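Undergrad: Could you work out the structure for the sequence below:
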Amino acid sequence: MPKHTTRLCMAAAGLLSASVLTACGDASSTQPQPAPQVNPAVALAVINDAVVQGTDNGAFTNSIAPTNASGAYWDNTSEDGTLCNMGYYALGTSTGCTSGGNAARAAASDANKGGGYDKYWGSQADPKKAASFLFSGARSYSITLKGSYIATSSVVGRFLKSDPSVCLAFPNVNINSVVGVGVGEDWGFCIQVNGGAFAFSNAVSPTQQRFALFSKSSDPNAYLVGAEDQTDRDNNDYMWSVVADAKAPPPPPLAVFVIGDLQAHALGANIYFWGAQWWKNNPMSGSVANGVASFKGYATSSDNVCGGGWASRPGNSSNPPDVLGPQVLIVVTTTVGKSGPNISGTIKEILLVNRDGGYAPNPGHEETGVVAKLLCK
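TA: I've put the predicted structure just below:
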């Protein structure tokens with residue numbers, strides 16, 4: 001790679017530091033030259049819940065082409081060595097990298113290449129062409145500098161979709177340094193180009209690629225980003241792993257229980273909604289079928305809308321949940337009908353109730369709770 005001088009955010013003697021967020025302090029805002037124009041052909045469609053701009057081009061083959069050959073980008077022969085381009089690094093097979101003559105940095109970079117990145121995200125029909133991408137602000141991320149084969153160091157960082165002309169420099173660019181990103185807004189990578197203008201990962205340059213994006217089929221939260229600030233196209237100046245937070249499973253839906261409309265249920269009232277004596281504690285203004293005593297309060301199904309209906313079965317045959325969360329939904333009914341084992345009624349109101357904590361799926365363990373909110377009437 002041609003040598004050049006750009007603004008530096010790196011500890012002069014700390015290239016191999018594994019410390020987190022040292023050297024340069026908080027991220028700073030650097031006013032660059034105007035950003036490249038965004039290619040209007042690149043759709044901002046949601047591809048998955050981490051990458052919100054880009055096209056998953058599937059498996060790639062790291063075929064080698066002559067250096068800087070037309071149409072060859074991350075898979076070309078690197079100027080740093082035959083096997084030192086971004087594609088080989090993604091596969092974990094790069095060798096012979098010189099990192100601009102910095103042997104220690106090259107060794108640290110080589111030690112990090114784990115491979116396993118088997119999919120390339122491009123923005124054009126040819127998967128070797130330029131990548132254009134943003135990460136979703138709905139997730140949080142850990143960004144780790146895994147490799148750097150640049151002769152000298154550039155300003156690198158992230159930008160926000162709402163302000164694509166400002167590059168927020170990473171606090172440091174030491175190998176193994178980690179940056180956390182959780183901004184609540186879509187964002188991407190940026191890098192200074194030849195000590196002058198900045199390039200941004202949501203734009204596609206018509207003449208050369210600045211960014212490459214890989215992912216793992218085996219891990220939907222793991223990505224590898226390469227950035228290039230020179231006129232070669234191996235995208236190995238900087239290589240970051242980007243790991244999206246593992247999304248917690250959605251909480252289970254609230255269990256639904258039933259009370260009679262004549263049981264006092266104003267805000268703050270303590271109500272009886274589960275137990276062997278349900279029928280004695282839940283009078284109703286409408287008709288009540290014979291056999292109501294077999295109903296213990298749990299609704300196996302509910303429309304969960306006022307004016308709708310609910311259904312259940314007698315006692316434990318309603319399959320009440322083994323455990324409950326701190327809150328439950330309560331449907332207020334005016335009537336209970338019974339046809340064989342099937343029990344049903346109408347929904348007059350729906351309440352959110354903070355339960356008292358005595359519940360067990362056996363109706364002998366009664367449960368009560370305090371009305372916290374009226375959801376519909």
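Undergrad: Ends of stretch 238-253, what's the gap?
TA: Using C-alpha to C-alpha, to the nearest Å, the gap from the first to the last residue of stretch 238-253 comes to 44 Å.
Undergrad: Actually, stretch 140-151.
TA: With C-alpha to C-alpha applied, stretch 140-151 spans 31 Å between its terminal residues.
Undergrad: what's the offset of it from the middle of its chain?
TA: Taking C-alpha atoms, centre = their mean, to the nearest Å, one finds the center of stretch 140-151 at 19 Å from the center of the full chain.
Undergrad: which of the residues in it are buried?
TA: Burial within stretch 140-151, assessed by neighbour count using 16 or more other C-beta atoms under 10 Å, is assigned to 141-151. From N, CA and C alone the C-beta is placed, and that goes for glycine too.
Undergrad: just those now: which is nearest D229?
TA: Of all the buried residues of stretch 140-151, the one sitting nearest D229 is I150; the distance, using C-beta to C-beta, is 7.3 Å.
Undergrad: Spatially, which residue comes closest to that closest one, not counting chain neighbours?
TA: Of all residues not flanking I150 in the chain, D237 sits nearest, at 4.1 Å (C-beta to C-beta, 6 or more residues apart in numbering).
Undergrad: residues near that neighbour, how many?
TA: Neighbours of D237 under the rule other C-beta atoms under 10 Å: 27.
Undergrad: what's the spacing between the residue most central in space within the chain and A244?
TA: Centrality entry for the chain: nearest residue to the mean C-alpha point is R139, 3.5 Å, by C-alpha atoms, centre = their mean. Here the distance between R139 and A244 works out to 5 Å (C-beta to C-beta, to the nearest Å).
Undergrad: Count the neighbours of F211 for me.
TA: As a burial measure, F211 scores 30 neighbours (other C-beta under 10 Å).
Undergrad: and if you look at S339?
TA: Here the count is done by other C-beta under 10 Å, and S339 has 9 residues near it.
Undergrad: which ones are touching it?
TA: By C-beta atoms under 8 Å, 6 or more residues apart in numbering, no residues touch S339.
Undergrad: Backbone dihedrals for S153, both of them.
TA: Its backbone dihedrals place S153 at phi -110, psi 140, with angles given as degrees, to the nearest 10.
Undergrad: correct me, but it touches I175?
TA: No - with contacts defined as C-beta atoms under 8 Å, S153 does not count as touching I175, sitting 11.6 Å away.
Undergrad: N290: how many residues sit nearby?
TA: For N290, using other C-beta under 10 Å, the count is 7.
Undergrad: Helix or strand: which one has the closest residue to it other than its chain neighbours?
TA: What sits nearest to N290 in space, not counting adjacent residues and going by C-beta to C-beta, 6+ apart, is K338, at 7.0 Å. Under the criterion DSSP states H and E, the helix or strand holding K338 is strand 337-339.
Undergrad: Just the mean pLDDT for that strand, thanks.
TA: Along strand 337-339, the predicted local confidence has a mean pLDDT of 91.
Undergrad: chain center to that strand: distance?
TA: Remark: strand 337-339 is offset 47 Å from the chain centroid, using C-alpha atoms, centre = their mean.
Undergrad: other SSEs contacting whichever helix or strand comes after that strand?
TA: From strand 337-339 onward toward the C-terminus, using DSSP H and E, the following helix or strand is strand 342-346. The helices and strands touching strand 342-346, judged by 3 or more C-beta pairs under 8 Å, 6 or more residues apart in numbering; DSSP states H and E, are strand 309-312, strand 337-339.
Undergrad: which of those is buried the deepest?
TA: Scoring the helices and strands packed on strand 342-346 by mean neighbour count under mean count of other C-beta atoms under 10 Å gives strand 309-312 as the most buried, with a mean of 20.
Undergrad: moving C-terminal of that one, what's the next helix or strand?
TA: If you walk from strand 309-312 toward the C-terminus, the next helix or strand you reach (DSSP H and E) is strand 327-333.
Undergrad: Show me where the stretch 151-300 of the chain has its strands.
TA: 156-160, 163-169, 178-181, 187-192, 198-200, 211-216, 219-227, 238-244, 256-260, 270-274 (DSSP state E, counting those that start in this stretch).
Undergrad: can you give me the offset of the shortest one from its chain's centre?
TA: Just to be clear, that refers to strand 198-200. Put simply, strand 198-200 sits 24 Å off its chain's centre (C-alpha atoms, centre = their mean).
Undergrad: which strands and helices sit next to that strand?
TA: In this structure, strand 198-200 packs against strand 163-169, strand 187-192, with contacts taken as 3+ C-beta pairs under 8 Å, 6+ apart.
Undergrad: got the CA coordinates for the first one in CSV?
TA: It refers to strand 163-169. What follows is strand 163-169 as a C-alpha-only set of coordinates in CSV (Å, rounded to 0.1, in the frame of the first residue of the first chain):
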residue,chain,number,x,y,z
ASP,A,163,-25.6,12.9,10.0
PRO,A,164,-23.7,11.1,7.3
SER,A,165,-21.1,13.9,6.9
VAL,A,166,-19.5,13.6,10.4
CYS,A,167,-17.1,10.7,11.2
LEU,A,168,-17.0,10.0,15.0
ALA,A,169,-13.5,8.7,15.5
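Undergrad: Show me what it is packed up against.
TA: In terms of contact count using 3+ C-beta pairs under 8 Å, 6+ apart, strand 163-169 is assigned the packing partners strand 28-30, strand 156-160, strand 187-192, strand 198-200.
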